[in-house]
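J.: pasting the sequence and the predicted model now:
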Amino acid sequence: MDGHLCLSLMVLLQTTLLLCSAPCRASITNTTISAGTCVCNTEDAALYTKAGYEHPIRRYLLRNHCVPATGESTIIFGEPWFQLTVDEQDLWTSGDYLAYAPFTSGACGVS
């Protein structure tokens, strides 16, 4: 095997291992978030009028979009749901699609 090809394959393997060793999908699994806590979507997700997939979808929140939590939460079939304020509307989404904002200063959504 050519030395450059071998080195390239090793770098690719190391990069893959690095990326996959971290959680691929973060989620907020605790059931309490303080009002005003900034949370971000880890993937595109629907926002519902009430907690639970059976309720009407009001809008969608795109991946990496950050918004403040209202502090309201509930558990439905073992899955945590959190109420978020989006464009002055209080809507619900699953904690499976949320992560705490990666920044600690500035307004929610601004790093």
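T.: Received, thanks.

J.: skipping adjacent residues, who's closest to residue 95 in space?
T.: Leaving aside its sequence neighbours, residue 95 sits nearest to residue 80 (CB to CB, 6 or more residues apart in numbering; 3.7 Å). Where you see a C-beta, it was placed from the backbone N, CA and C, and this is true even at glycine.

J.: do I have it right that the one you found meets residue 28?
T.: Yes. At 6.7 Å, residue 80 counts as touching residue 28 under the criterion of CB atoms under 8 Å.

J.: extract the C-alpha set from the lengthiest strand in the chain and format it as CSV.
T.: If you go by DSSP state E, the chain has its longest strand at strand 66-76. C-alpha atoms of strand 66-76 as CSV (Å, rounded to 0.1, in the frame of the first residue of the first chain):
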residue,chain,number,x,y,z
CYS,A,66,-31.6,28.9,20.2
VAL,A,67,-34.5,30.2,22.2
PRO,A,68,-35.4,30.8,25.9
ALA,A,69,-37.3,28.1,27.9
THR,A,70,-40.3,29.2,29.9
GLY,A,71,-39.5,26.9,32.8
GLU,A,72,-42.6,24.7,32.1
SER,A,73,-42.0,21.0,31.5
THR,A,74,-43.7,17.7,31.6
ILE,A,75,-43.1,14.0,30.9
ILE,A,76,-45.1,12.1,28.3
